[in-house]
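>>> Sequence and predicted structure below; questions after.
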Amino acid sequence: MATGSGGLDPGPGPDEELWERLRTGDHFALGELFDRYADDVRAFAFRRTASWSTADDVVQATFLNTWRRFQRNPPGPLTAPSARGWLLMVARHECNSLFRTANRLRKLVDRLPDPPPDDDHAPDVARRLDDERRMSAIRRAVAKLPRHERETLELVVWSGLTTAEAADALGVPVGTVKARLHRTRRRFPDLLTRVDLTEELS
């Protein structure tokens, strides 16, 4: 099964092995999961926040809090074929937390002066801003969906989870995931074709 951004098949069982190593406190296992899924978490977070800098913060918070969770109260054995869905659920929580924090700080940030322009990085900055403007428009369209349909779309369409993996991550039957996707396509038949950043960010 492809891991998403890397496009590499981890083979049978390695995520389960990393998961069990994490459950015993092996921090090297977390590093291996980071190498495998950090890009997927970053792309997922960008699609939820339309901000590359926030997405980078989400990646750090996701893996830091995953380690803390395993140290404090380790979850049970991994039940899905990979840990990606579980990590994306942690990332979703971190996106929500950072969004609440950003709202509290927005007024303060708006009062700060703009930094002087840096011509050497101008093309990269312009590209990132263009990505963020496009993603903001997509997020406005996705926001019209009910929350449970939006979460399903983010996992299956944007992050490439199978319906079985999404069902495991969301704690619902596979049939429920398929029904949600069907309703999404019926309500917004052009939505998926408008998500033109999916392939670029995968």
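On my side now, so go ahead.

>>> Secondary structure element holding Glu149?
helix 147-153 (DSSP states H and E).

>>> Who are the packing partners of that helix?
helix 163-170, helix 174-187 (3 or more CB pairs under 8 Å, 6 or more residues apart in numbering; DSSP states H and E). All C-beta atoms are positioned from the backbone trio N, CA, C, and that covers glycine.

>>> Tell me the secondary structure of the residue nearest the centre of the chain, please.
Note on the chain: the residue nearest the mean C-alpha position is Phe44, at 2.5 Å, using CA atoms, centre = their mean. Of the three states, Phe44 takes helix according to DSSP: H, G, I helix; E, B strand; the rest coil.

>>> wait, what's in contact with it?
When contacts are counted by CB atoms under 8 Å, 6 or more residues apart in numbering, Phe44 touches 88, 91-92, 154, 158-159.

>>> how about CSV for the helices and strands packed on helix 147-153, with distance to Lys144, mean neighbour count and mean pLDDT added?
Below are the helices and strands packed on helix 147-153 laid out as CSV (distance: least, CB to CB, whole Å; neighbours: other CB atoms under 10 Å; pLDDT from 0 to 100):
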stretch, distance to Lys144, mean neighbour count, mean pLDDT
helix 163-170, 20, 21, 91
helix 174-187, 8, 15, 87
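
>>> on that earlier part again, averaged pLDDT, the helix holding Glu149. What do you get?
Averaging pLDDT along helix 147-153 yields 85.

>>> same deal with stretch 21-33?
93.
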